[in-house]
Structure formats: C-alpha cells, structure tokens
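In: next one to model:
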Amino acid sequence: MHLRSAAGGFLAFLLSVPVLQGNDDWRVTYSTSNVCGLRGSTADISCTYEYPDDVQYRPTTVTTLWFSKGDKYQPVDLEHDTNYRGRVVYSCERIRCWSRCHGACTLRIRDLRHSDSAVYKFRFAINQPTPVPQVKLSVTDLQVKVSFSDPNDPTRAELECHSMCGLAGDPPYIWFRNGQNLGQGVNYRAYIQSGDSFSCAVEGYEHLRSPLVYGPQHTYVYSSPSGVIEEGRSVTLSCSSDANPAAEYTWFKNNQPLLWGPSQPHTFPSVRPEDRGTYRCHAENKYGHLSSNSIFMDVQLTSSSSQKAIVAVASIGVFVVTIHLIIFLWMRRKRASSKACGQGGRPDTVEESCP
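Out: Residues are numbered from 1 along each chain as shown. This is a model prediction of the structure:
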C-alpha cells in the first residue's frame with residue numbers, strides 16, 4: 001500500500017503480485033498487476049525494465065512512455081492525451097548497464113477520476129521492438145453501507161464505511177453527519193432523523209469523503225402536459241426526488257394508493273374522464289421518506305364526446321317525456337271511463353259492468 005500525507009492527496013492501494021513480461025533478453029516487470037485508488041487521490045504505477053548490454057543495442061537515448069489507448073505500434077502518450085492534461089507525471093531513473101542494462105519508471109496520475117479506470121501499459125524504445133505489459137487501474141469511492149438490526153425501527157441503523165480497494169492495515173475512518181465530525185470507527189450506530197446525511201473518510205484524507213447518503217428531499221410531482229387535458233390525449237405524471245440511494249415511489253390518487261409499481265414516470269396513453277383526480281407521490285429509501293405536492297388532473301371532454309353526451313341526454317329526455325305522455329293519456333282515459341260508468345241508465349236496462 002502507498003499512503004502519503006493528506007496534502008499530497010495520495011491514496012492508492014496495490015495488490016502486490018509482480019508482473020513479468022518479455023523474453024530472457026528484453027523484460028518489463030511491474031510490482032503489481034492491479035492498482036486501486038480513491039476518486040480525487042493520486043496513484044503511482046511503477047515498473048522496471050532491462051535489455052542486453054550489447055554495443056549494437058546501446059543507444060544514446062531510450063524513449064519511454066505510458067499509454068492506455070492505441071497499441072505498441074501507435075500508442076497515445078498520456079502526456080499528450082487531453083483527458084490527462086496537467087494530471088500525469090513521468091519519473092524515470094537513469095539507466096545503469098553492467099552485463100545488462102536496467103531502468104525504472106513511475107507513472108503518477110493526480111486527481112483520479114472514474115474515467116481513469118483502465119489498463120495502462122509502459123513502453124521503452126531503443127533499437128528493436130520491446131515488450132508491452134500492462135497494469136489495471138481501478139478508481140473507486142468509499143461507500144456507506146447501512147443495515148437495520150430491528151426491521152420495525154427504521155430510525156436505528158448501523159453504518160459501515162466500505163471500499164472495493166480492500167484498504168490494507170485497517171486504517172481508521174472518520175464519520176460525518178450533516179458535515180459535522182462524529183468521530184472514528186469502521187462502523188457507526190446512528191439514530192436517523194429526517195434530513196440527515198452521512199459520509200465517511202479515511203483519517204488524514206477527510207477531503208476524500210464518500211458520497212453522501214440521505215433520505216428523500218425536494219420531492220415534486222408534475223404533469224406533462226399540464227392544465228386541462230383533453231380526453232384521449234397522452235399524459236405523463238413524473239415524480240422527482242433528491243435522494244441517495246435513489247428513492248422508490250408510491251403513487252396516490254385522491255389519497256388512495258395506486259398499484260402502478262415502482263417504475264416512474266407513469267404515462268396515460270389515452271386519458272379518460274375517470275382519470276380525473278388529485279395525484280401525488282411518496283418517495284422512500286433506507287434513510288427516510290417524503291411526500292410530494294399534489295396536482296389536480298382535469299380531463300375535458302372532446303367535441304365528439306360532448307355531442308354524444310348531448311344526444312344521450314336528449315334521448316333520455318325524449319324517452320322520459322314519452323313515458324309521461326303515455327301515463328297521462330292512460331290516466332285521462334281511465335277517468336273518462338269511470339265517469340261514464342257513474343251516470344247509470346234506465347231501470348229495465350241491463351248493462352255490462354265497467355271494467
């Protein structure tokens with residue numbers, strides 16, 4: 001492991017497995033096959049090389065370079081790569097020859113970025129082709145992992161500071177809540193409150209903190225398009241929230257949960273009148289939860305729908321009037337019939353009884 005002062009910003013970890021490539025005469029050796037560095041720190045990749053001490057091979061100068069793009073015939077020198085501008089330094093020792101010639105070179109990359117994760121190769125050029133071995137560089141962040149001893153109490157959590165680099169020597173970690181130093185420890189037992197954020201760092205490298213983890217903040221729901229929506233149009237409801245890790249969402253319509261699943265945004269391919277209502281979303285992760293604002297989706301009937309509705313209402317009206325007219329005529333006839341029966345006739349006349 002290489003570890004320098006915080007001012008130097010150097011924090012890289014080597015898996016010390018020597019890498020040897022070449023033949024008996026031409027050889028390049030790395031002290032490691034993998035280098036792992038934290039984002040923002042500095043990484044060193046070192047190698048030694050050797051070749052025969054022969055008059056025909058002894059040049060006046062030896063050209064050395066490092067590259068991650070191209071091949072040994074057309075390499076892209078890191079010193080000329082715009083992605084590394086101002087961040088790479090070559091340090092090569094003077095070549096010593098006694099029976100064989102030996103040299104050593106170190107590549108230093110400052111302010112590591114995730115995009116620097118790649119395979120790096122060293123090449124030296126003299127009077128004949130030379131071997132081109134390689135070393136893999138991985139750039140990572142510290143990560144905060146959370147676990148709950150009591151699933152029924154989401155406010156009590158145990159936080160662990162973790163790195164894929166497998167930091168050697170068990171270095172002490174510093175914990176931060178809302179930017180304030182909480183003290184040392186690989187693990188930290190926390191009482192999580194709404195709005196809290198947590199991060200960790202290796203002691204002495206507090207400027208290289210892990211990404212913050214926190215519950216949902218600034219949760220909003222919005223509609224596209226907004227305003228009054230015409231029936232049959234496509235409408236998308238989206239929910240956004242600032243959270244790390246990312247929040248999962250639950251949707252509500254008129255305060256009743258919707259079975260839309262965790263994916264969002266939600267799209268109505270063809271909105272209907274029954275979709276009219278008040279919508280909101282609820283964001284939640286391990287560190288908290290927060291509900292959004294509410295929006296009202298108003299669905300306006302199209303002209304054809306309005307015409308159909310008018311026709312339907314008119315038809316119902318005609319039907320009702322017809323029924324009332326039939327009942328009226330029937331009642332009128334019945335009253336007339338009853339009146340006729342009540343007038344009577346001559347005593348010697350036998351009449352059929354009125355219905």
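In: OK, contacts around the residue sitting nearest the centre point of the chain?
Out: Closest residue to the average C-alpha location of the chain: A246 at 6.0 Å, with C-alpha atoms, centre = their mean. Neighbouring residues of A246 by C-beta atoms under 8 Å, 6 or more residues apart in numbering: N285. To be clear about C-beta, it is placed using only N, CA and C from the backbone, and glycine gets the same treatment.
In: from M331, how far out is L325?
Out: 11 Å (C-beta to C-beta, to the nearest Å).
In: with G86 instead?
Out: Separation of G86 from M331 (C-beta to C-beta): 102 Å.
In: again, but for T155
Out: In terms of C-beta to C-beta, T155 sits 75 Å off from M331.
In: who's more crowded, the two?
Out: T155 (14 against 10; other C-beta atoms under 10 Å).
In: thought the more buried one was touching R189?
Out: No. Under the criterion of C-beta atoms under 8 Å, T155 is not in contact with R189, lying 11.5 Å apart.
In: list the buried ones in the strand or helix carrying A104?
Out: In the assignment (DSSP states H and E), A104 maps to strand 100-109. Within strand 100-109, the residues that count as buried by 16 or more other C-beta atoms under 10 Å are 101-105, 107-109.
In: with pLDDT and distance to G195 added, can I get those residues in TSV?
Out: Listed next are these as TSV, based on pLDDT from 0 to 100; distance: C-beta to C-beta, whole Å:
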residue	pLDDT	distance to G195
C101	86	64
H102	88	60
G103	90	57
A104	93	53
C105	93	50
L107	94	44
R108	95	41
I109	95	37
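In: report the two of those separated the most.
Out: C101 and I109 (27.2 Å; C-beta to C-beta).
In: domains in the chain, by residue range?
Out: As given by automatic domain parsing, the domain ranges for the chain are 2-140, 143-211, 215-300.
In: so what does the strand holding A104 touch, helix or strand wise?
Out: Strand 100-109 sits against strand 43-52, strand 63-67, strand 88-92, strand 118-125, with contacts defined as 3 or more C-beta pairs under 8 Å, 6 or more residues apart in numbering; DSSP states H and E.
In: again, only using 6 Å
Out: strand 43-52, strand 88-92 (3 or more C-beta pairs under 6 Å, 6 or more residues apart in numbering; DSSP states H and E).
In: fine by me, thanks again.
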